[in-house]
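In: Based on what follows, work out the 3D shape:
(4 chains)
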4 protein chains.
Amino acid sequence: MQERRAGGGRGSAPSRMNPMVLPAGVYAPVPTPFDTQDTFDPLRFRVALARWVASPLAGLVVLGSNGEAPLVDEEESDGVIAVAREAIPPGRPLIVGTGRESTRATVAASRRAAALGADAVIVRTPGFFKSQMTSDVFVRHYTAVADASPVPVLLYNFTAVTGVNIGADAVARLAQHPNVVGIKESGGDVAQIAELVAAGGSAFRVFAGSSTSFYASLCVGAAGGILALGCVLPDACAALFDLVRQGAHHDARALQSRLVPLAQLLGNRYGVAGLKAALALVGCDVGPPRPPLVALDAHGRDAVERALRTFSHWPLLNEA
Amino acid sequence: MQERRAGGGRGSAPSRMNPMVLPAGVYAPVPTPFDTQDTFDPLRFRVALARWVASPLAGLVVLGSNGEAPLVDEEESDGVIAVAREAIPPGRPLIVGTGRESTRATVAASRRAAALGADAVIVRTPGFFKSQMTSDVFVRHYTAVADASPVPVLLYNFTAVTGVNIGADAVARLAQHPNVVGIKESGGDVAQIAELVAAGGSAFRVFAGSSTSFYASLCVGAAGGILALGCVLPDACAALFDLVRQGAHHDARALQSRLVPLAQLLGNRYGVAGLKAALALVGCDVGPPRPPLVALDAHGRDAVERALRTFSHWPLLNEA
Amino acid sequence: MQERRAGGGRGSAPSRMNPMVLPAGVYAPVPTPFDTQDTFDPLRFRVALARWVASPLAGLVVLGSNGEAPLVDEEESDGVIAVAREAIPPGRPLIVGTGRESTRATVAASRRAAALGADAVIVRTPGFFKSQMTSDVFVRHYTAVADASPVPVLLYNFTAVTGVNIGADAVARLAQHPNVVGIKESGGDVAQIAELVAAGGSAFRVFAGSSTSFYASLCVGAAGGILALGCVLPDACAALFDLVRQGAHHDARALQSRLVPLAQLLGNRYGVAGLKAALALVGCDVGPPRPPLVALDAHGRDAVERALRTFSHWPLLNEA
Amino acid sequence: MQERRAGGGRGSAPSRMNPMVLPAGVYAPVPTPFDTQDTFDPLRFRVALARWVASPLAGLVVLGSNGEAPLVDEEESDGVIAVAREAIPPGRPLIVGTGRESTRATVAASRRAAALGADAVIVRTPGFFKSQMTSDVFVRHYTAVADASPVPVLLYNFTAVTGVNIGADAVARLAQHPNVVGIKESGGDVAQIAELVAAGGSAFRVFAGSSTSFYASLCVGAAGGILALGCVLPDACAALFDLVRQGAHHDARALQSRLVPLAQLLGNRYGVAGLKAALALVGCDVGPPRPPLVALDAHGRDAVERALRTFSHWPLLNEA
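Out: Numbers count the residues shown, from 1 in each chain, chains lettered A, B, ... in the order given. Prediction:
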């Protein structure tokens, strides 16, 4: 397959992307708003996007795990991308989650996303047939997707939900592909982040997906983060990134510590329901999660509110 | 929701199914044939279905895990169901896998399956957002699906691939719903099978999904099995079921022992690729699995062939 | 090593045990009584042993997991064995847990146990250095122990606490050793029990360690059980064994179902604390568990009492 | 219990240790040498200790996991401590592993270690009865040990081998005890290291146990490391610590990267066998591991040798 691509005979043959397309920094994996009828709500989405666009975020990701992608059908997905592209000015990267379980559906979703204006796609490892997901299978899958995708591809490893782990060996092989530009690693094992940084080489970007280990991930060479926390506290997350850039490790560490309690609530503890509740609390109503997910109960909202209060003197999202 | 249902005001209000709809016994979760262009192949499917229909299987399941359902899109799914319905005579149950991650998509898929002639639907637990999948969430999800489905619903628990486990407490609550008629439990923990038998009550059917513990599952009260092995050795699996019915435990145990090596290869070891290879070896060509899955290599085929050889004096699928 | 043993040059060379030494049936892995000063209490132990001896149990196991063996030092262990041997008449098997992490300490403990009158030893897999515990390591360890032990050796696999799993391949190799007579498998996966039965051959005895899957284990060929539940309800457990022997599967299944709730409480839920509380409730005071374990709280005792009440018409331990 | 201790009525009442007793930096958890007769070899131990004493290590740990503590009996343990104390000059901390499964045995081992000259003890969480190991149980266990120990206590969390995890809540409570001075956390999750740093407060020391994430652990506030790698490359590990102290993050990161391949081999991959082989390769013969552990095979030794070669220009242990 790679040979054909090398031949360049394909009209949409991908070329090595402009490195500016995905600058280092903090990206927000934004939620998909639904109304109370369980329908995608483009109006709420536009309002929320305007806030994120006005923040110091490096770019936005739609239809990731926090975008409830596995709960959104193909037609709705196209609507989400279209609304996002309209709201996000050119030059500000829009990354679209297009991972599906089959190679075929992933290729199709990536092509549609590119046609709708995505600057890059982020592709979660398939994981349903866990025992069959070898390094070779991952390399074949991602090579086919990267061959076919008109826009650059980010790998996406999220072992806690997929139950599979793409190894540094497979990542090293895939990093050779001109259309594979980086990876989002959502696990908290910073040694694995460091290993991916080493495996990928200098032009390959590793983004942390775990807000609780964002500072440590930057220390070991991550290019930035794709952080649920960035949806709620974009200024604080961007500030943490800048502090590390400037070598202000002491201040960075202190800021990371303060972010941890909220990060934990938006992570495994409450997930999307926590993220949507936190956004409502800072004045950005993106509605409830889609069933079977349920909105946070009063107890959970209290916990999120307490964690948010620590940041009252920071420019929260609602002040953007 | 249940109250409204009980009122019967809904046009498509489900009624307690005729208990004959899902007789006890062995069901085969059949594979979805693809051609070498990675396209659903209805012709191969018809040929294979004719063999299974001629076997002593109690019924067939399409679009389960062994049917590569997560790799098949919605439109293809409808095609698979239509071909199966045409091939399977009325009175022989056709069960269709309609589990999706969202409640909404699961309801939609169940309605379409019923419209296409499914006798029942089998609904895998959602599992992407693992940490949020509580008993209450499962009860709400399945109640909504059972309320909406025009045909009876089987729960489906497959912890090894979903990473979540529906507890006996949730199953006991769901078994009260008139449109929830049973569960397929794919784990090997027979004590859990026994617990589900007790939790479900007398009208609730527990089907084993693990061929290696089929005999033991029958001992503790399972109503039958939905077994990949049943696709390849329908007569042997049905014979095992009959032996237990007749109280011939000694012979049943001996037959189970002989089935284990092949069952292991078609299970976690090689999965769908193993099943498709085994079928090819008994003369039933259903093509390769869909990428990212890959066809079994020569080493794997040898292992499957050796395990099959033990059954050369049994009526294999190709002799049906 | 086996060759030397075969040569018989060693004074204590083990010979193939009399198969009557370990009859099929239900064994109780009895707790070690401590007083409130955290000291082994031989008096309480004698009283309790008299009850178990009077019951239909096939034999007793001391210093297993339920005997809190990892919390008992070497000198105390010798005391426990001596008291047990005195109380248990010859002909009634006394099995002693002698598994340690090092081969050397396991050999020493096995020799001491034999000298103190043990009829057999039961040896838990070492498991501290999990990643190094290969099949070869297990075979070498158990071969050394079986070579050295003057009495027959039972393997003991308890993955839930050790984190390692001895495979059927290693068991098959070890079953060839004349001094390895069987295995206790404490997991609930009945297919694994069946596999061990097949791997061990006809003279090898597989005992179930999980009370919740005891009936199913017997169905697939287990020779009996070594069951915490047998300490509390020896008559009921023995009756279940007899029912399966007689082919009364329907009654056996019903009895197993009734035993499950209590079995769950004495298993992973409350462990040794649950077992000691249950014994106190049936009139057999064996004191509290040893710290860091803590005695069951009121809530737990209520749960155990409720589960016990179902058996009030059975000869409980206190009526023995 | 703490009240009584505060009363100071006890002869050996522990007092808040001199903070100099456990300086920040790199500690080596040294192996226990055995001869080919499987006997502790004090001579080899003295030779090796002299090398470590001459290195820039902050201190030494004996009878940790790398010291094969679970394979060493109580009497041998005393011998190991006595030899180490004799070889290590006063002022250079000697920390002794005294964790046992029972509180009673842990207290006894800690008292004996202190009497033999230990400067502090390090106490692994009990973990055999996994399901019973709650935060309250850990707090009670460690409080009893810290009350009784004449020398300061380090907690020790090593989930990969114990299967249990002491939470930040329990650590925060225990950090209040004047005789609990820190924790060794052996997991690779740097966010957990950061959480422990926050939970423990300023006087509490968190030591990393995972060499692959040592640099990242220091970034998030660890006081140092107790690293198997420190036995083999004490200079390189100490240099990494110093680089972070000096804010030379770029160089620190580069050094950490170079250490990873060897760190992985000495970690989960080959464990103690890898450590002993690496030491032999740098001229420090500490004999084979104790059975059931086995010495590294030729393939493993080659891998270790290749990883060591990268450091040929560093002062290796044998050049100390």
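In: buried sites along stretch A:283-293?
Out: Neighbour-count burial for stretch A:283-293, with 16 or more other C-beta atoms under 10 Å in any protein chain shown as criterion, is recorded at A:284, A:286-293. Just so you know, the C-beta spots here come from the backbone N, C-alpha and C atoms, and that holds for glycine as well.
In: Now it: average pLDDT?
Out: If you average the pLDDT over stretch A:283-293, you get 97.
In: Stretch A:149-169 now?
Out: Computed over stretch A:149-169, the mean pLDDT rounds to 97.
In: Any residue of the helix or strand containing A:Leu240 touching chain D?
Out: Using DSSP states H and E, the element containing A:Leu240 is helix A:234-245. No: Helix A:234-245 is not in contact with chain D by C-beta under 8 Å from any C-beta of the partner chain; minimum separation 8.9 Å.
In: Can you name the element that comes right after that helix?
Out: Per DSSP H and E, the first helix or strand lying C-terminal to helix A:234-245 is helix A:249-264.
In: Quickly check: that next one near chain D or not.
Out: Yes: using C-beta under 8 Å from any C-beta, we find that helix A:249-264 touches chain D at A:249, A:253, A:256-257, A:260.
In: who wins for neighbours among these?
Out: Ranked by neighbour count under the definition other C-beta atoms under 10 Å in any protein chain shown, these are headed by A:Gln256 with 27 neighbours.
In: mind listing what that one touches?
Out: Residues in contact with A:Gln256 (C-beta atoms under 8 Å, 6 or more residues apart in numbering or on different chains) are A:214-216, A:240, D:194, D:220.
In: my guess is A:Asp35 meets A:Gly287, correct?
Out: Yes: using C-beta atoms under 8 Å, A:Asp35 is in contact with A:Gly287, at 5.7 Å.
In: Give me the common contacts of these two.
Out: With C-beta under 8 Å, 6+ apart, A:Asp35 and A:Gly287 have common neighbours A:41, A:44.
In: residues near the residue of the stretch 1-150 of chain A found nearest chain D, how many?
Out: Nearest residue of the stretch 1-150 of chain A to chain D (C-beta to the nearest C-beta) works out as A:Ala24 at 15.7 Å. If you count neighbours by other C-beta under 10 Å, A:Ala24 ends up with 15.
In: And A:Ala303, by the same measure?
Out: Using other C-beta under 10 Å, A:Ala303 is surrounded by 19 other residues.
In: check which helix or strand covers it.
Out: helix A:298-309.
In: Report how many residues lie close to A:Ala199.
Out: 19.
In: mind checking pLDDT for A:Ala120?
Out: What the model reports for A:Ala120 is a pLDDT of 98.
In: Quick check: it touching A:Val151?
Out: Yes: using C-beta under 8 Å, A:Ala120 is in contact with A:Val151, at 5.3 Å.
In: For stretch A:44-63, what does the pLDDT average out to?
Out: Mean pLDDT, taken over the full extent of stretch A:44-63, equals 97.
In: Show me the contact partners of the helix holding A:Leu240.
Out: Helix A:234-245 has contacts (C-beta under 8 Å, 6+ apart) with A:24-26, A:28, A:52, A:55-58, A:211, A:214-215, A:218-219, A:224-225, A:227, A:229-230, A:249, A:251-252, A:255-256, A:259, A:311, A:314-317, A:320.
In: Now which of the residues you listed would you call buried?
Out: Buried subset of the contacts of helix A:234-245 (neighbour count, 16+ other C-beta under 10 Å): A:25-26, A:28, A:52, A:55-58, A:211, A:214-215, A:218-219, A:224-225, A:227, A:229-230, A:249, A:252, A:255-256, A:259, A:311, A:314, A:316-317, A:320.
In: so of the residues you listed, which ones are in helices?
Out: A:52, A:214-215, A:218-219, A:229-230, A:249, A:252, A:255-256, A:259 (DSSP state H).
In: still on that earlier bit, quick check: buried residues in the helix holding A:Ala303?
Out: A:300-301, A:303-304, A:307-308.
In: and which of the residues you listed is nearest B:His177?
Out: Taking C-beta to C-beta as the measure, B:His177 sits nearest to A:Gly300 out of the buried residues of helix A:298-309, at 27.9 Å.
In: Could you tell me how many residues sit around the closest residue to that closest one other than its chain neighbours?
Out: Counting by C-beta to C-beta, 6 or more residues apart in numbering or on different chains, A:Tyr270 is the residue found nearest to A:Gly300 once chain neighbours are left out, at 5.5 Å. Counted with other C-beta under 10 Å, residues neighbouring A:Tyr270 total 22.
In: and A:Tyr270, what does it touch?
Out: By C-beta under 8 Å, 6+ apart, the contact list for A:Tyr270 reads A:277, A:296, A:300, A:304, B:132.
In: let's go with 10 Å and repeat that
Out: A:264, A:276-278, A:296-297, A:300-301, A:303-304, B:131-132 (C-beta atoms under 10 Å, 6 or more residues apart in numbering or on different chains).
In: And those residues, which is closest to chain D?
Out: When these are compared for distance to chain D (C-beta to the nearest C-beta), A:Gln264 wins out at 8.8 Å.
In: For the closest one, give me the pLDDT.
Out: pLDDT, A:Gln264: 94.
In: What of A:Gly188?
Out: pLDDT, read off for A:Gly188, is 89.
In: go on, A:Tyr142?
Out: 98.
In: same thing with the one 4 residues further on?
Out: On pLDDT, A:Ala146 comes in at 98.
In: do A:Gly9 as well
Out: Note on A:Gly9: pLDDT of 35.
In: Likewise for the one 4 residues further on?
Out: At A:Ala13, the predicted lDDT confidence score is 40.
In: now do A:Asn268
Out: What the model reports as pLDDT for A:Asn268 is 87.
In: what's around the closest residue to it other than its chain neighbours, how many residues?
Out: Excluding the flanking residues, the one nearest A:Asn268 by C-beta to C-beta, 6+ apart is B:Ser131, at 5.0 Å. Using other C-beta under 10 Å, B:Ser131 is surrounded by 14 other residues.
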